[in-house]
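**Q** The sequence and its predicted three-dimensional model are supplied below.
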Amino acid sequence: MTDPMYPHASPDLARHRRELTPTQQAAFDAFGKAVFADGALSSKMKQIVAVAVAHVTQCPYCIKGHTKAALRAGATPQELMEAIWVATEIRAGGAYAHSALMLDALGDESRGA
C-alpha cells in the first residue's frame, strides 16, 4: 500500500498481533482455514466470494490478499471482475432498496406522524 493510512502488511505486524493475543490469533487462523477449505463451495469459489466481499467492505488488505489467494486457487481475472460487478450491483441495490425508509418517512411527515 502506498497510502500512509495503511501500513504495509509485514511479518513484523503479524508477529506483533500474535504476541499480543496468541490464543485469539490462533483461533482466527484456524477459523480462516476452516472457512476457506473445500466444502459445498470450492476453495476457488470461496476466494472469489472473498474478493467481492472485500470490495464491499473496502478492505485493501483483504482485496490484495484474497485476490492473490483466488489466483492461486485457479480463479481468472475475468471471474474476479465479474464477482466485483455482482458486489457492486448488490451494494447499489441495497442503497436503492433502503429508499423505502426515506419514502416511509416522507409519508410520516405528510401524515403528521
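**A** Noted; the coordinates are in hand.

**Q** Give the residue spans of the protein that score low on pLDDT.
**A** Within the chain, the stretches with pLDDT under 70 are 1-3.

**Q** OK, contacts around the most centrally placed residue in it?
**A** For the chain, the residue nearest the mean C-alpha position is Ala54 (2.4 Å; CA atoms, centre = their mean). For Ala54, the contacting residues are 62-63, 66, by CB atoms under 8 Å, 6 or more residues apart in numbering. Every C-beta, even on glycine, is put in place using the N, C-alpha and C of the backbone.

**Q** hmm, which of those residues are the buried ones?
**A** 63, 66 (16 or more other CB atoms under 10 Å).

**Q** which one of the contacts of Ala54 sits closest to Arg18?
**A** When the contacts of Ala54 are ranked by distance to Arg18 (CB to CB), Cys62 comes first, at 18.8 Å.

**Q** Nearest residue to the closest one in space, please, no chain neighbours.
**A** Ala54 (3.6 Å; CB to CB, 6 or more residues apart in numbering).

**Q** tell me which residues in the helix or strand where Gln78 lies are buried?
**A** Per DSSP states H and E: Gln78 is located in helix 77-97. By 16+ other CB under 10 Å, the buried positions in helix 77-97 come out as 79-80, 83-84, 87.

**Q** Same check on stretch 53-68?
**A** 53-55, 63, 65-67.

**Q** Am I right that Gln47 is in contact with Ala73?
**A** Yes: assessed by CB atoms under 8 Å, Gln47 is found in contact with Ala73 at 4.9 Å.

**Q** State the distance from Lys33 to Ala69.
**A** The gap separating Lys33 from Ala69 is 12 Å, by CB to CB, to the nearest Å.
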